[in-house]
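1. Please work out how this folds:
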Amino acid sequence: MPALNAIADFADEMTAWRRHLHQYPEIGFECHNTAAFVVERLREMGITEIHEGIAKTGIVAIIEGQGAGPTIGLRADMDALPMNDESGAEYASTIPGRAHTCGHDGHTTMLLGAARYLNETRNFRGRVALIFQPAEEGGGGGEVMVQEGIMDTFDIAEVYGLHNAPDIEAGRIETRPGPMLAGVAEFKITVTGKGGHAASPHECIDPVAAAMQIGTAINTIVSRNADPIDQLVISLTMFEAGTATNIIPETAVMKGTVRHFKPELQDLAETRIAEICKGTGTAMGVEATLEFSREYPPTINDAEKTAFAAEVARELAGDDMVSDDANMSMASEDISYMLNMRPGCYLNVGQGIGPICHHPEFDFNDEIAPLGASLFARLVERAQPLE
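-> The predicted model follows:
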């Protein structure tokens, strides 16, 4: 796997960092032990300017280069997912119901590796802001860090982030200018009827039947209301109702997600879901209430910074292992808040074909960590070279 020699030399140490983090996953903003581990490693490297407690457990650490220049931001997420680890690894999660099944342990390790190299070599002008972010998997830690002023406080001029990609061959790097990842909204529909005995449905108002009608209608929005040229995904992912086979429940609850690249498509989805709830509720005698929450905006890469990042990636991995016209994805990422504030680029680093992110058997491929760290480091050295 291509990597800077100085980073390849401590690859085993990076593996140890990553596997430690994998065993002790933390959720959302509660990344206290993870943040403490990161700070301890940074201090061992000799990095002294470390700002803690941003977005509760987020960190920004500063490395000074040689000579005046701008500040470049490098971002990694730290949080895990609320699910079990079924990887079977000897270093599997020690905490039931929590698992690093999206590879954020690897992202944190990549940034730590870059930090060690950059602090030792300082072969750049200006400064590097190392951004360790909590709560990417819901909660919008990226948004909170931006709201708390990191882009202005640390005078960050541009920002870059990496994500492992289990659907791409190991060592391949992919990105694209413009929209790369979708914006996301979440919705909850509560259907309230009149419960009773399942043997006497005529004495009840069945919320399950109404919810099923609502769900069927929602599934027609993309195919019948949105322009087929546009990208829109509406997925019903949760249905909760009932406690026994002989009871018609009082309520049924449905939840789901909306993915889009255009704000007007999110507007369309909200409007149509609300209309479907109102119309079906009237027709079937139930009350159907909608809660619609707009979450992360689309992740949009700056064209100039993306061309630059792809050029740097080609230097490391070779022309045939880099693509700058990757497909857009309906997944979402809250680095979008940082990229809305400053130009930059988000890139995927292939880790080899295997279980997808958020699958219980997913595990980060330690062999790509030196490549990710090297890419972070070379972005800095090429963006802010010494005179």
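2. List the buried residues of the biggest helix by length in the chain.
-> When the chain is parsed with DSSP state H, its longest helix is helix 263-284. When neighbours are counted by 16 or more other C-beta atoms under 10 Å, the buried residues of helix 263-284 are found to be 265-266, 268-270, 272-274, 276-277, 280-281, 284. For every residue, glycine as well, the C-beta is placed using N, CA and C.
3. repeat for stretch 181-197
-> Along stretch 181-197, these residues count as buried under the neighbour rule (16+ other C-beta under 10 Å): 181-185, 187, 189-193, 195-196.
4. Farthest-apart pair in the residues you listed, please.
-> Pairwise distances across the buried residues of stretch 181-197 (C-beta to C-beta) peak at 46.1 Å, for the pair L181 and G196.
5. Correct me if wrong: N33 contacts I27.
-> No. With contact defined as C-beta atoms under 8 Å, N33 does not count as touching I27 (11.6 Å).
6. between those two, which one's more packed in?
-> Neighbour totals were compared for N33 and I27, and I27 leads with 19 against 13 (other C-beta atoms under 10 Å).
7. Flag the shaky bits of the chain, pLDDT-wise.
-> Low-confidence segments of the chain (pLDDT under 70): none present.
8. Please enumerate the helices of it.
-> Counting by DSSP H, one finds helices in the chain at the ranges 5-8, 11-23, 32-44, 104-121, 141-147, 150-153, 207-218, 221-224, 263-284, 303-317, 336-341, 369-383.
9. list the contacts for A157?
-> Taking C-beta atoms under 8 Å, 6 or more residues apart in numbering, we find A157 in contact with 70-72, 342.
10. same check, this time on N164
-> Applying C-beta under 8 Å, 6+ apart to N164 gives the contacts 103, 106-107, 348-351, 357, 364-365, 368, 372.
11. Could you tell me which of the residues you listed are located in strands?
-> Among the contacts of N164, DSSP state E puts 348-350 in strands.
12. quick one, domains of this protein?
-> 5-178+299-383, 183-294 (automatic domain parsing).
13. which of these sits most buried?
-> Between those, domain 5-178+299-383 has the highest mean count of neighbours, a mean of 20, where neighbours are mean count of other C-beta atoms under 10 Å.
14. From the chain's centroid, how far away is that domain?
-> Its chain's C-alpha centre lies 11 Å from the corresponding centre of domain 5-178+299-383 when counted by C-alpha atoms, centre = their mean, to the nearest Å.
15. cool, and stretch 192-204?
-> The chain centroid and the centroid of stretch 192-204 are separated by 43 Å, computed with C-alpha atoms, centre = their mean.
16. can you check stretch 188-196 too?
-> For stretch 188-196, the separation from the chain centroid amounts to 33 Å (computed by C-alpha atoms, centre = their mean).
17. Would you mind measuring the gap between the ends of it?
-> Terminal residues of stretch 188-196 are spaced 24 Å apart (C-alpha to C-alpha, to the nearest Å).
18. Surely H260 touches L232?
-> Yes. Using C-beta under 8 Å, H260 and L232 qualify as a contacting pair, with a distance of 5.4 Å.
19. any common contacting residues for the two?
-> With contacts taken as C-beta under 8 Å, 6+ apart, H260 and L232 have A269 as neighbours in common.
20. and the contacts of N164, which two are the farthest apart?
-> Between any two of those (C-beta to C-beta), the greatest distance is 15.2 Å, for C357 and G372.
21. Hmm, V349 is touching E367, no?
-> No. In terms of C-beta under 8 Å, V349 does not count as a neighbour of E367; the distance is 10.9 Å.
22. check contacts around the closest residue to T245 other than its chain neighbours.
-> Excluding its sequence neighbours, the residue lying closest to T245 (C-beta to C-beta, 6 or more residues apart in numbering) is A198, at 6.9 Å. Listed by C-beta under 8 Å, 6+ apart, the contact partners of A198 are 245-248.
23. Enumerate every residue touching the closest residue to E250 other than its chain neighbours.
-> Leaving aside its chain neighbours, E250 sits nearest to G195 (3.9 Å; criterion: C-beta to C-beta, 6+ apart). The contact partners of G195, by C-beta under 8 Å, 6+ apart, come to 204, 247-250.
24. Return the distance of G195 relative to K188.
-> Distance, G195 to K188, by C-beta to C-beta, to the nearest Å: 20 Å.
25. Next: A36.
-> With distances defined as C-beta to C-beta, the gap from A36 to K188 amounts to 35 Å.
26. residues near L386, how many?
-> Neighbours of L386 under the rule other C-beta under 10 Å: 12.
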